[in-house]
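A.B. asks: Sequence and predicted structure are below.
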Amino acid sequence: MAFLHFDNIGIAALACAVPEYTQRVNDDPHFANADYIRSFIRQIGIRQRQISLIEQTCTDLGYAAARHALEYAGWDEQSLDVLIFLSQMPDFNPGTGNAFILHKHLGLPTSAMAFDITLGCSSFPYGLSVCASLLQQKHINRAIMISGDNVWPCVADRETLIAENAFIFGEGTTALLLEKKENSPLDISLFSNGKGYEYLFNPRAGSRNNWRSGRTITLSGGQTINPPPARTGQYMDGPEITVFSTSTVVDSINDFLASRGKLISDYDGLVLHQANRQIVRTIARRLGASESMVPISLDRYANTSGASVPLTITDAYGEREDGRLELLTCAYGIGLSWGIAGFGIEARAIRPIFRTDMRFDEGYITAN
Amino acid sequence: MELKDKLAILEDMMELEAGSLAPETSLEDLEEWDSLSALSFVVMLGDEFQRKISGQEIRRFETVQDMLNVMERDD
C-alpha cells in the first residue's frame, strides 16, 4: 500500500512562471457557437489561459521559476543534489529528458542526480514522494522539483492556436524547493488503476500507432473510437472520468484522512487538480469542505496538467506574507493515476505567479 | 420521485425548456446530450439518488427512458 509518511521535509520555496500571452474563451454572444460556449464556461469554468506564441517550452518556464525560487530561498545551485522534472512533453522527444537541459542552464554540479518522471495531471504527489524519499539519504539535502507541460506543440501552427474559441489546457510551470527539516511532516497516499488507461489517452501519439494512419481505434473491449485527428488527439471517456474524479478520488481522500486521524477542517486549504470546475466543486461538497477553502485557478489558467496543483497554490496564497498554511492537495488524471499529499508550508515561501517571455535560443531548426 | 419531477431535473440539467423531454425522446437526436451533460448526469445521480454509474452503462443509453430507469434510489 503506497501510504507514505515523512517527518523531516521542509518546503523552502514554490514559484510559478507562465507565458506572457493571455487567450480568452470566445464569449461573444453573436458567435455561431455561443450556446455551446456558454454551457462550456458554466460547467467547465475556463474563461482564459496563458499560452506561448513564441515556441517557449516548459523547460524555459521551468528555468525562470527555478531561478526565482532559488533566489528567494538564497540557495546556491551548487548546493542542489536532486533535480526532477515532471512532464509528459520533453523538448526533444523521444530522447533527452528536460531535467538535463535545466541541469545545464541552472549550472548544477555533476554530483547532482537529474531525471524526468513521465506523469500527467497526477504528478505533484508522486514527485513529492520521490524527492522526500531521496532526502532521507545522508548525502542528499536539497532537491528541486519542476512541474510543467506544453500545449502549443499540440496545435498545428500559431494561426490555428490563436483561432481557437474554447480550450481545456493552459501553460504554466512551477519550481518547488525541498530540504531536510526537522518536525516538518509530509503525508502522501498514491494510487493507480491501469485498467483505466483507455479512459483518457492519446492513442495516436507515441510508438503504438506510429506506422499506421486512419482514424478508427479499437479499444481492448472491442469498442471502436474516433478521436480527433489532431497531433495529440486526446480521447476521453467522459462518464468514466467523471465517476473516477467525483467518486473514486473522494473515497481516496476520505481514506487518507481516516488513516491519519485527520479531518478536512484541520486544513487551511484543499487544493484540487483543476480540470473542471463542476468536478472540483463536487469533490469539495462530497468531502464537506467549505467553498472558501477550495481555491479555483482554472477560470484564468485552465488545466495546466501536472503544474495545476502547485500553480493553484501560488495563485491562491502567493500574495500572503505571514503565517503557516496546512494544505491538503489532491491530483488525479491520465493513467489512471492519483495521489494526495498533506503538508505545512510558510506562506511567504509561496511566491506570486509571474509572466515571462524568457526562452533559450538553442536547439531550434534554423535552416533547411 | 414522480416522472414529471425526474424529467424536470433532466431538462434543467440540459438547459432545455420545461416539457421538452418525454421518455421516448431519442438521445441521438438530442443535441444537448453531450459529454458536458453526461458529466452533470453522473454528478446529479450521485447527489440526488446516491447512485454510481459506469461509463459503459451511460454509453448504452438510447432514450430518455434509459436515463429515467437509473434515477432510483437503491434502498
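C.D. replies: Perfect, I can see it now.

A.B. asks: and the nearest residue to residue A:244 once chain neighbours are set aside, how many neighbours does it have?
C.D. replies: Once flanking residues are discounted, residue A:244 sits nearest to residue A:336: 6.0 Å by C-beta to C-beta, 6 or more residues apart in numbering or on different chains. For the C-beta atoms, the positions are set from N, CA and C on the backbone; glycine is no exception. Using other C-beta atoms under 10 Å in any protein chain shown as the criterion, residue A:336 is surrounded by 23 other residues.

A.B. asks: How many residues are close by residue B:40?
C.D. replies: 20.

A.B. asks: Confirm it sits in a helix?
C.D. replies: Yes - according to DSSP: H, G, I helix; E, B strand; the rest coil, residue B:40 belongs to a helix.

A.B. asks: And the pLDDT for it?
C.D. replies: At residue B:40, the model reports a pLDDT of 87.

A.B. asks: Ok, residue B:25 next?
C.D. replies: pLDDT, residue B:25: 94.

A.B. asks: Likewise for the one 5 residues further on?
C.D. replies: On pLDDT, residue B:30 comes in at 89.

A.B. asks: What is the worst-scoring helix or strand of chain B on mean pLDDT packed up against?
C.D. replies: Within chain B, confidence by mean pLDDT, DSSP states H and E is lowest for helix B:55-59 among all helices and strands, at a mean of 84. If you count contacts as 3 or more C-beta pairs under 8 Å, 6 or more residues apart in numbering or on different chains; DSSP states H and E, helix B:55-59 packs onto helix A:238-243, helix B:35-49.

A.B. asks: Now do residue A:116 against residue B:48, distance only.
C.D. replies: 44 Å (C-beta to C-beta, to the nearest Å).

A.B. asks: The helices and strands packed on helix B:55-59: which one's closest to residue A:345?
C.D. replies: helix A:238-243 (29.6 Å; C-beta to C-beta).

A.B. asks: Quick one: distance of the closest one to the chain centre.
C.D. replies: 20 Å (C-alpha atoms, centre = their mean, to the nearest Å).

A.B. asks: now stretch A:149-160
C.D. replies: 18 Å.

A.B. asks: For it, buried residues please.
C.D. replies: A:149, A:150, A:151, A:152, A:154, A:155 (16 or more other C-beta atoms under 10 Å in any protein chain shown).

A.B. asks: measure the fifth one to residue A:349 for me?
C.D. replies: In this case it means residue A:154. Distance from residue A:154 to residue A:349, by C-beta to C-beta: 33 Å.

A.B. asks: what does the last one give?
C.D. replies: Noted for residue A:155: a distance of 35 Å to residue A:349, by C-beta to C-beta.

A.B. asks: now do residue A:56
C.D. replies: Residue A:56 is 26 Å from residue A:349, by C-beta to C-beta.

A.B. asks: returning to what we had before: ok, and does the next helix or strand after the least confident helix or strand of chain B reach over to chain A?
C.D. replies: Per DSSP states H and E, the first helix or strand lying C-terminal to helix B:55-59 is helix B:64-70. No - interface with chain A: helix B:64-70 contributes nothing (C-beta under 8 Å from any C-beta of the partner chain), its closest point being 11.8 Å away.

A.B. asks: Contact partners for residue 23?
C.D. replies: Here I'm looking at chain A. Contacts for residue A:23 (C-beta atoms under 8 Å, 6 or more residues apart in numbering or on different chains) come out as A:48, A:49, A:50, A:51, A:162, A:164, A:167.

A.B. asks: other chain: chain B
C.D. replies: Counted by C-beta under 8 Å, 6+ apart, residue B:23 has contacts B:3, B:7, B:63, B:64, B:65, B:68.

A.B. asks: Next: residue A:196.
C.D. replies: A:240, A:244, A:335, A:336.

A.B. asks: same deal with residue A:172?
C.D. replies: A:16, A:17, A:18, A:19, A:50, A:61, A:148, A:301, A:304, A:307, A:311, A:353.

A.B. asks: Now with 6 Å, please.
C.D. replies: Contact analysis of residue A:172 by C-beta atoms under 6 Å, 6 or more residues apart in numbering or on different chains lists A:16, A:18, A:301, A:304, A:307, A:311.

A.B. asks: Tell me where chain A has helices.
C.D. replies: A:34-43, A:58-73, A:98-106, A:123-134, A:158-162, A:238-243, A:249-259, A:277-287, A:298-301, A:308-317 (DSSP state H).

A.B. asks: deepest of those helices, which one?
C.D. replies: Burial of the helices of chain A is given as mean neighbour count (mean count of other C-beta atoms under 10 Å in any protein chain shown); helix A:308-317 ranks first at a mean of 27.
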